[in-house]
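[1] give me a 3D structure for the following:
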Amino acid sequence: MTIGAQIVPKRREPAIDMNALRLRAKKEVTQKYSASLMSNTKWRTLFKALENSGVDIKGIAVKFVGDSEEWSPVFPGLYPPHAYVDLWPLNVHPLVEIEWIEFRRIVMKTRPNNVPPALLPQDIDAIRKVIEATGKRFPLEATEQGLRVVGHLK
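    All right, here's what the predicted structure looks like:
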């Protein structure tokens, strides 16, 4: 941008220090949770197994440490470095930030123009079978709404 004869550079948003974000999340987990049940490797094994399985995952619910809300991103992308996951449209997050992920029997998909949300059935039994077929012991909980993978216990 030019003001008179002076050139003023465009303002840029500050870069996010992902390592600092990950370390803050680890600190919060050690202070506020009694146990961590999932490592970065276990999260990535879970997501990769589900991605490769061909099971139709219509949606997930995610709860992050230190956050009272649940979020509904698309299925996690594994292209970021090992300690992170892409939870679009939320952004890239450190895996340690995930308190839990839940696969719901009924997934609500929002639609534009004030159209009521679509209610999509999801095969929780098929998802459980894929998870169990990995041979890993994942911290699974049956909930009223579906199947939860627990990352941290309070």
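[2] shaky segments in this protein?
    Along the chain, the parts satisfying pLDDT under 70 run over 1-18, 73-74, 77-82, 87-90.
[3] how about 80 then?
    Applying pLDDT under 80 to the chain flags residues 1-23, 25-26, 28-29, 71-93.
[4] who touches the longest strand seen in it?
    With secondary structure taken from DSSP state E, the chain has its longest strand at strand 98-104. Identification of contacts with strand 98-104 by Cβ atoms under 8 Å, 6 or more residues apart in numbering yields 33, 38, 43, 57, 59-65, 67, 70, 85, 122, 124, 127, 143, 145-152. For every residue, glycine as well, the C-beta is placed using N, CA and C.
[5] any quick ChimeraX command for the buried ones out of those?
    This is the ChimeraX syntax for the buried subset of these, where burial follows 16 or more other Cβ atoms under 10 Å:
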select :38,43,57,59,60,61,62,63,64,65,85,122,124,127,146,147,148,149,150,151,152
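[6] which of the contacts of strand 98-104 fall within strands?
    61-64, 70, 85, 146-150, 152.
[7] check contacts around residue 43.
    So residue 43 contacts 85, 95, 98, 151 (Cβ under 8 Å, 6+ apart).
[8] quick revisit: next SSE after the longest strand of the chain?
    Next along the chain after strand 98-104, taking DSSP states H and E as the criterion, comes strand 106-109.
[9] quick one: strands adjacent to that next one?
    Here strand 106-109 is paired, per DSSP bridges, with strand 118-121 (antiparallel).
[10] hmm, who's touching the partner strand?
    58-59, 105-109, 111.
[11] run a quick neighbour tally on the residue lying closest to residue 149 once chain neighbours are set aside.
    Sequence neighbours aside, residue 101 is the residue nearest to residue 149 in space, at 5.0 Å (criterion: Cβ to Cβ, 6 or more residues apart in numbering). Residue 101 is flanked by 21 other residues according to other Cβ atoms under 10 Å.
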